[in-house]
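**Q** here is the input, now give the coordinates:
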Amino acid sequence: MPFTEEQIADLIYAPEKVIDQPQIAQLIQAYGGIQPCYQALKSIPLHDAEYRLLLAILAQPGASVDDYLQQLHIHKATFHRHQRKLLRNLTHALNQQSIAQAPSSLFEHFQRSAGLPSHLSTDRTLLAYQRTLQLLQQGVRLINVVGNDQVLQQQLVLDVAHQVQTQFTHGCLWVDLTTSSSQALGLRLRDYGQLTPSLNGNSILELFQGRHVLLILCGYQVHADDALWLRRLLEIAPNLVVICTSSQRLKLYGEFLVPISSLPAA
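**A** This is a model prediction of the structure:
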């Protein structure tokens, strides 16, 4: 029997009611509890307005409509319009079996695709190497090793990663972005991690929530949509650190530059 929009409304607005609904109770049990089920709902592709509404509802399932209006800074008519679309899309996704794995499983899958390459030792006396370690020790969360020698940049960052990886609870993730692409960063991470194509940029953000991890973006070039996405990433995952290698300044808030250039010929 397919899910109805009324059932999904009870699931997100009034989870205490689902005990009397065997179909919804079975769904929750399949995900290992109400919170893993909510995390799975967040992985469904939604428009930004619907996604923000879903987050507000799941954060306070029993809140009044006025509370949601104040949080989202929208009018009541807009709220009801977004609510109808949200319930329709969630119900459709569940009935089409297109709901994704829980973020914890997705993150583990991403980890397998983004393991550190073999250790390539670089000259640890380089000022750039020492500067990168210093910034990490100071708690800097966005480091750009910028220069025109891609090989040297990658060697330096890889050496740093092997040096500090044990300091991160969830290790280091190595993402090679040297192949040109017109996609935004969130979608490139999705494809690099070989995750389901139905995931959107918001769903990728959820993967990193609560993670203590070093994310390395090799050969990163800025996309027009990346500034806001990266800011949200650093907000949603306060224990995440990003190191990238690039040929140019990213002009992102909180960015610290570590310039590096080719070594002179012997």
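**Q** buried residues in the longest helix anywhere in the chain, which are they?
**A** Assignment by DSSP state H gives helix 76-95 as the longest helix of the chain. The neighbour-count check on helix 76-95 (16 or more other C-beta atoms under 10 Å) flags F79, H82, Q83, L86, L87, N89, L90, T91, A93, L94 as buried. For the C-beta atoms, the positions are set from N, CA and C on the backbone; glycine is no exception.
**Q** list of residues touching the helix or strand that it is followed by?
**A** Scanning forward in sequence from helix 76-95 by DSSP states H and E, the next helix or strand is helix 103-113. Here helix 103-113 makes contact (C-beta atoms under 8 Å, 6 or more residues apart in numbering) with 36, 39-40, 42-43, 100-101, 170-171, 173, 189, 192-195, 199, 206-209, 211.
**Q** mean confidence score for the helix or strand following helix 103-113?
**A** Remark: after helix 103-113, the chain's next helix or strand is helix 127-137, criterion DSSP H and E. The average pLDDT within helix 127-137 is 92.
**Q** and helix 127-137, what other elements does it pack with?
**A** Packing partners of helix 127-137 (3 or more C-beta pairs under 8 Å, 6 or more residues apart in numbering; DSSP states H and E): strand 142-147, helix 150-164, strand 256-260.
**Q** what about the last one, distance to the chain center?
**A** Remark: strand 256-260 is offset 24 Å from the chain centroid, using C-alpha atoms, centre = their mean, to the nearest Å.
**Q** kindly report the same for the second one.
**A** For helix 150-164, the distance between its averaged C-alpha position and the chain's averaged C-alpha position is 23 Å (C-alpha atoms, centre = their mean).
**Q** direction included, what does the very next helix or strand once past it pair up with?
**A** Counting by DSSP H and E, the next helix or strand C-terminal to helix 150-164 is strand 172-176. The strands that strand 172-176 pairs with in its sheet are strand 214-218 (parallel) (by DSSP bridges).
**Q** the partner strand vs helix 150-164, what angle?
**A** The directions of strand 214-218 and helix 150-164 differ by 170 degrees, with axes from the mean of the first three to the mean of the last three C-alpha atoms, to 10 degrees as the criterion.
**Q** tell me the mean pLDDT for strand 214-218?
**A** 95.
**Q** who touches it?
**A** With C-beta under 8 Å, 6+ apart as the criterion, strand 214-218 contacts 154, 157-158, 161, 164-165, 168, 171-178, 185, 208, 240-245.
**Q** that one to strand 142-147, inter-axis angle?
**A** 30 degrees.
**Q** buried sites along strand 214-218?
**A** L214, L215, I216, L217, C218.
**Q** also stretch 149-167?
**A** Residues of stretch 149-167 classed as buried by neighbour count (16+ other C-beta under 10 Å): L152, Q153, Q154, Q155, L156, V157, L158, D159, V160, A161, H162, V164.
**Q** max pairwise distance over those residues: which two?
**A** Greatest spatial distance in the buried residues of stretch 149-167: L152 and V164, 18.9 Å, computed using C-beta to C-beta.
**Q** how is this protein divided into domains?
**A** 5-99, 105-260 (automatic domain parsing).
**Q** of those, flag the one that's most buried.
**A** Among the domains of the chain, ranked by average contacts under mean count of other C-beta atoms under 10 Å, first place goes to domain 105-260 (a mean of 17).
**Q** ok, and what's touching stretch 183-201?
**A** Under the contact criterion C-beta under 8 Å, 6+ apart, stretch 183-201 has outside partners 43-46, 98, 100-101, 106, 109-110, 113-114, 175-177, 181, 202-205, 217, 220, 223-226, 229-230.
**Q** C-alpha coordinates for that stretch, PDB please?
**A** Provided in PDB are the C-alpha atoms of stretch 183-201 (Å, rounded to 0.1, in the frame of the first residue of the first chain):
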ATOM      1  CA  GLN A 183      29.400  21.200 -11.900                       C
ATOM      2  CA  ALA A 184      29.200  22.800  -8.500                       C
ATOM      3  CA  LEU A 185      31.400  21.400  -5.700                       C
ATOM      4  CA  GLY A 186      28.600  19.500  -3.900                       C
ATOM      5  CA  LEU A 187      27.700  17.600  -7.100                       C
ATOM      6  CA  ARG A 188      31.300  16.900  -7.900                       C
ATOM      7  CA  LEU A 189      31.800  15.400  -4.400                       C
ATOM      8  CA  ARG A 190      28.700  13.300  -4.900                       C
ATOM      9  CA  ASP A 191      30.000  11.900  -8.200                       C
ATOM     10  CA  TYR A 192      33.600  11.400  -6.900                       C
ATOM     11  CA  GLY A 193      32.200   9.400  -4.000                       C
ATOM     12  CA  GLN A 194      30.100   7.400  -6.400                       C
ATOM     13  CA  LEU A 195      26.900   8.200  -4.500                       C
ATOM     14  CA  THR A 196      23.400   8.000  -5.800                       C
ATOM     15  CA  PRO A 197      22.700  10.600  -8.600                       C
ATOM     16  CA  SER A 198      19.500  11.600  -6.900                       C
ATOM     17  CA  LEU A 199      21.400  13.400  -4.100                       C
ATOM     18  CA  ASN A 200      21.600  17.100  -4.300                       C
ATOM     19  CA  GLY A 201      24.000  19.600  -2.800                       C
END
